[in-house]
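# Pasting a predicted model and its sequence here:
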Amino acid sequence: MISVGIDVGGTFTDFVSYDRETGQLTAWKNLSTPADPTEGILTGLESGAAAERGLSGIRLGTTVATNALLEGKGAVVGYITTAGFRDIPFIGRGNRRHHYDLAWVKPKPFLKRRHAYEIAERIGADGQVMQALDEDSVRALARQMRAEGEVEAVAVMFMHSYIEPAHERRVREILAEELPEIPVSISYDVLPKWKEHFRSSTTLCDAFVKPVVRKQLGSLRARLDGAGVTAPIVVMRSNGGEMTLDAAAGAPIQMAVSGPTGGVIAGKRIAGLVGIGNVVTLDMGGTSTDVSTIVGGEERFTTDFEIEWGRPVQIPMIDIRTIGAGGGSLARVDAGGMLTVGPQSAGARPGPACYGRGGTEPTVTDANVVLGRIAADNFLGGAMALDTEAARAAVARVADQIGLGLEQTALSIIRIANNTMVGALHTALTEQGLDPRDFTLMPFGGAGPLHVCELMEEAAIPRGLVPNFPGQFSAFGFILADARVDRHRTVQLSSRIFDQSRAEKVIAELEAECRSELAAQGHSEGVVIRRSLEMRYAGQNYELEVPLASPSFGPDEQTALWEAYHLQHLARFGFRLGDALEIVTFIVTGIAATAEVDLPRIAKAEASAEPLRSRPVWFDAAWVETPVYDRAALRAGHVLSGPALVEEEASVTVVSPGHDLNVDDWGNLHIVTLPSSGEVA
């Protein structure tokens with residue numbers, strides 16, 4: 001049987017299938033259909049390698065929640081909170097993104113103030129009821145919302161509900177009776193952590209996208225069934241795990257960065273396979289570029305994510321930084337006469353000018369076509385012919401405005417896009433205290449390998465690795481992903497007065513929740529549980545995460561825990577204190593390993609690699625006749641010296657002068673910067 005990973009991107013929908021009987025991996029793609037993403041999914045399934053045989057399962061990475069948040073196209077949300085606190089979403093934080101920018105405008109929450117409602121109730125900081133919930137007011141409010149007919153989803157966030165959720169749960173029950181057609185998000189289910197701004201923002205975002213996600217995922221299952229595709233389907237969540245369609249519709253904020261996680265998962269697997277510990281991944285697609293790090297063989301996780309500054313979404317997710325730079329990024333001359341690239345994108349329709357679908361503005365892809373890096377007759381393996389003259393005409397219009405030649409303008413477009421991506425690489429590396437010289441750059445996405453050598457040089461990363469299926473790498477990662485569930489809950493305890501029974505009860509409850517959700521996904525056996533605590537010294541405002549070796553909190557375990565925090569703080573900040581410690585958040589993760597994918601080795605090289613042909617490619621300031629190799633014909637041990645191009649169906653690897661490429665036993669392309677070309681030792 002065949003399992004399929006599907007990644008729905010802004011420009012292309014990518015597919016990778018794995019036949020568990022034969023071990024065969026197959027990748028393909030087709031243009032996305034933004035108006036109806038399911039159409040692109042069905043088209044790919046009908047035309048791809050899995051069309052003639054039964055499917056055992058589908059894993060889908062979708063941008064439906066991401067796009068709704070980024071574009072602000074979601075539901076009209078009603079917000080219910082404790083009396084006196086309706087303005088929390090509008091106040092947000094007291095700081096600013098740009099302290100000296102007088103023109104900066106603070107982003108608004110996904111909420112109109114007239115839809116922010118207050119209810120008499122109050123839970124204290126100790127979890128005790130200070131004021132009982134006024135149920136009559138809740139019912140009256142529900143009738144008011146029904147009469148007004150504006151609200152399409154409801155977010156509920158009461159003070160201190162992360163400790164005691166009874167009032168939030170009762171409001172949900174009442175709304176289900178009074179407004180059964182309107183979905184409700186409660187903060188205890190979405191984010192049971194302290195700090196009301198983050199909790200309210202995350203809950204509002206969940207409610208904002210819930211009707212959109214429910215509609216699309218509901219129609220997806222029905223349309224798959226109608227097309228005869230009855231295989232079970234799960235949706236990738238932001239932490240690299242999976243969700244059933246029902247679970248995704250019920251908690252859509254968990255899909256905020258669904259698609260990009262696959263590339264990090266696959267990058268971790270490939271890095272482990274070839275023995276590389278530190279990798280920075282760069283997923284350059286048609287619309288955006290996503291950057292993440294794998295340190296010591298492990299991906300990094302975070303809850304510090306913002307759709308836009310001031311709109312935090314604090315769900316557990318793989319730490320991925322996204323910027324608006326992709327193959328479809330538009331190049332324009334701004335009002336000051338400066339050439340700019342992105343973040344606006346040509347998308348799938350009309351797409352770059354070279355696609356011949358009505359686009360007239362130049363993009364990064366058009367620039368690569370003009371410079372000879374992409375062959376017009378071999379795009380997507382020849383399945384889609386590119387219009388070289390349209391690309392040249394689009395770039396020429398910008399060239400006339402800035403007074404440069406055609407090739408110099410195309411190269412300038414690429415260099416500006418590269419500079420944006422180097423900024424993202426520095427954000428993920430140097431700003432986190434990581435030395436780029438200790439890392440290997442792993443570019444993928446259809447456009448990533450085109451820029452690998454230039455990015456290595458500009459970001460001072462000495463090594464690169466282009467994996468197999470770079471154009472469909474995230475979809476490949478979905479096949480490799482383990483099932484994963486993360487549970488976070490704020491429960492404040494102190495080392496001075498420690499409640500052992502409460503701590504052990506919380507850990508047991510979170511572990512049970514993890515096991516229950518994994519069981520609902522079909523993973524009851526072999527579940528691995530990981531536990532940790534977010535801790536700090538009393539009076540501090542930020543926490544460090546400390547692994548928890550045991551679910552027990554006896555005297556010996558407590559002593560070991562306090563010392564573990566002291567040592568971690570010493571390693572991070574260079575000092576330790578003797579002050580009391582506070583436990584802020586309990587974290588439990590459940591992981592169930594899925595079936596292994598046996599990655600095939602390729603044949604050993606018996607002779608030097610022979611190019612298929614050659615063509616002129618513009619490097620720096622001149623056209624250079626450059627050999628072109630077919631990646632499928634390369635064998636383990638082959639070595640190429642730049643300049644060279646390695647073509648495959650969904651991407652092209654550009655090996656610039658001053659770089660060497662060698663092929664490993666699995667067909668991955670390893671690139672090194674030669675010392676004479678400025679490699680940093």
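Sure thing, it's come through.

# got the residue ranges for the helices in the stretch 401-550 of the chain?
406-428, 452-459, 473-480, 500-520 (DSSP state H, counting those that start in this stretch).

# my bad, should have said the stretch 251-400 of the chain
261-274, 364-370, 388-402.

# How about the contacts made by the residue nearest to residue 76 when sequence neighbours are not counted?
Once flanking residues are discounted, residue 76 sits nearest to residue 152: 4.8 Å by Cβ to Cβ, 6 or more residues apart in numbering. In short, each C-beta sits where N, CA and C put it, glycine included. Contact criterion Cβ atoms under 8 Å, 6 or more residues apart in numbering gives 75, 76, 77, 182, 211 as the residues in contact with residue 152.

# Grab the longest helix from the protein for me.
Of all segments of type helix in the chain, defined using DSSP state H, the longest is helix 196-226.

# Return the set of buried residues in it.
By neighbour count on 16 or more other Cβ atoms under 10 Å, the buried set for helix 196-226 is 196-214, 216-217, 220-221, 224.

# before we move on, what about stretch 231-247?
Across stretch 231-247, burial judged by 16+ other Cβ under 10 Å covers 231, 233-245, 247.

# So which of the residues you listed are in strands?
Judged by DSSP state E, the buried residues of stretch 231-247 include 233, 234, 235, 236, 242, 243, 244 as members of strands.

# contacting residues for the fourth one?
Read it as residue 236. Here residue 236 is in contact with 59-62, 242-243, 255, 258-259, 261-262, 478, 481 (Cβ under 8 Å, 6+ apart).

# of the residues you listed, closest to residue 520?
Of all those, residue 520 sits closest to residue 243, with 9.4 Å by Cβ to Cβ.

# Isn't that closest one up against residue 252?
No: judged on Cβ atoms under 8 Å, residue 243 makes no contact with residue 252 at a distance of 9.4 Å.

# Following element in sequence after the helix or strand hosting residue 654, please.
Using DSSP states H and E, residue 654 falls within strand 651-655. For strand 651-655, the following helix or strand on the C-terminal side (DSSP H and E) is strand 659-663.

# mind listing what the helix or strand following that next one pairs with, with the direction of each?
Sequence order places strand 669-673 as the next helix or strand after strand 659-663, per DSSP H and E. Strands that pair with strand 669-673, judged by DSSP bridges, come out as strand 463-466 (antiparallel), strand 659-663 (antiparallel).

# Quick one: end-to-end distance for stretch 316-331.
The separation between the terminal residues of stretch 316-331, taken as Cα to Cα, to the nearest Å, is 35 Å.

# typo on my end, stretch 239-252
13 Å.

# So what touches the strand holding residue 654?
Against strand 651-655 from outside (Cβ under 8 Å, 6+ apart): 373-375, 444-453, 466, 470-471, 617, 631, 640-646, 661, 669, 671.

# which of these are buried?
By neighbour count, with 16+ other Cβ under 10 Å, the contacts of strand 651-655 hold 373-375, 444-453, 466, 470-471, 617, 631, 640, 642-646, 661, 669, 671 as buried.

# Show me the shaky parts of the stretch 351-500 of the chain.
In the predicted model, the stretch 351-500 of the chain carries no residue with pLDDT under 70.

# swap that for the chain, please
Within the chain, the segments meeting pLDDT under 70 span 48-53, 348, 595, 676-681.

# Report the contact partners of residue 233.
With contacts defined as Cβ under 8 Å, 6+ apart, the neighbours of residue 233 are 57, 58, 59, 60, 220, 221, 224, 245.

# Closest one to residue 316 out of the residues you listed, please.
For those, the nearest to residue 316 is residue 59 (18.7 Å; Cβ to Cβ).

# Name the helix or strand for that closest one, please.
strand 55-61.

# angle of that strand against helix 196-226?
Strand 55-61 and helix 196-226 are oriented at 150 degrees to each other (axes from the mean of the first three to the mean of the last three Cα atoms, to 10 degrees).

# Which neighbours in the sheet does strand 55-61 have, and how are they oriented?
Take DSSP bridges as the rule and strand 55-61 pairs in its sheet with strand 2-8 (parallel), strand 233-236 (parallel).

# mind checking which helix or strand residue 180 is in?
Per DSSP H and E, there is no helix or strand for residue 180.

# Counting neighbours, what do you get for it?
By other Cβ atoms under 10 Å, the residues close to residue 180 number 7.

# quick one: it and residue 470, what's the gap?
As judged by Cβ to Cβ, to the nearest Å, residue 180 and residue 470 stand 47 Å apart.

# The residue in the chain sticking out farthest from the centre in helix, strand or coil?
Here the chain reaches farthest from its C-alpha mean at residue 136, the gap being 42.6 Å by Cα atoms, centre = their mean. Secondary structure assignment for residue 136 (DSSP: H, G, I helix; E, B strand; the rest coil): helix.

# Now residue 590: closest residue in space, sequence neighbours ignored.
Sequence neighbours aside, residue 514 is the residue nearest to residue 590 in space, at 3.2 Å (criterion: Cβ to Cβ, 6+ apart).

# Tell me, how many residues neighbour the one you found?
Neighbours around residue 514, by other Cβ under 10 Å: 22.

# do the same with residue 607
Neighbour count for residue 607, taken as other Cβ under 10 Å: 7.

# same thing with residue 551?
Counted with other Cβ under 10 Å, residues neighbouring residue 551 total 16.

# does it count as helix, strand or coil?
Three-state call for residue 551 (three-state DSSP): coil.

# Kindly report the same for residue 584.
strand.

# And for it, the neighbour number?
Neighbours around residue 584, by other Cβ under 10 Å: 18.

# Same check on residue 319?
Residues near residue 319, counting by other Cβ under 10 Å: 18.

# thinking again about what came up before, closest one of the contacts of residue 236 to residue 499?
residue 243 (33.2 Å).

# beta partners of the closest one?
So, taking DSSP bridges as the rule, residue 243 has residue 235 as bridge partners.

# Show me how far stretch 422-429 is from its chain's centre.
Stretch 422-429 sits 16 Å away from the centroid of its parent chain (Cα atoms, centre = their mean, to the nearest Å).

# That one: which residues count as buried?
By neighbour count on 16+ other Cβ under 10 Å, the buried set for stretch 422-429 is 422, 424, 425, 426, 428, 429.

# Show me the contact partners of it.
Residues outside stretch 422-429 that contact it (Cβ under 8 Å, 6+ apart) are 280, 282, 289, 291-293, 321, 323, 325, 434-436, 439, 441, 455, 458-459, 461.
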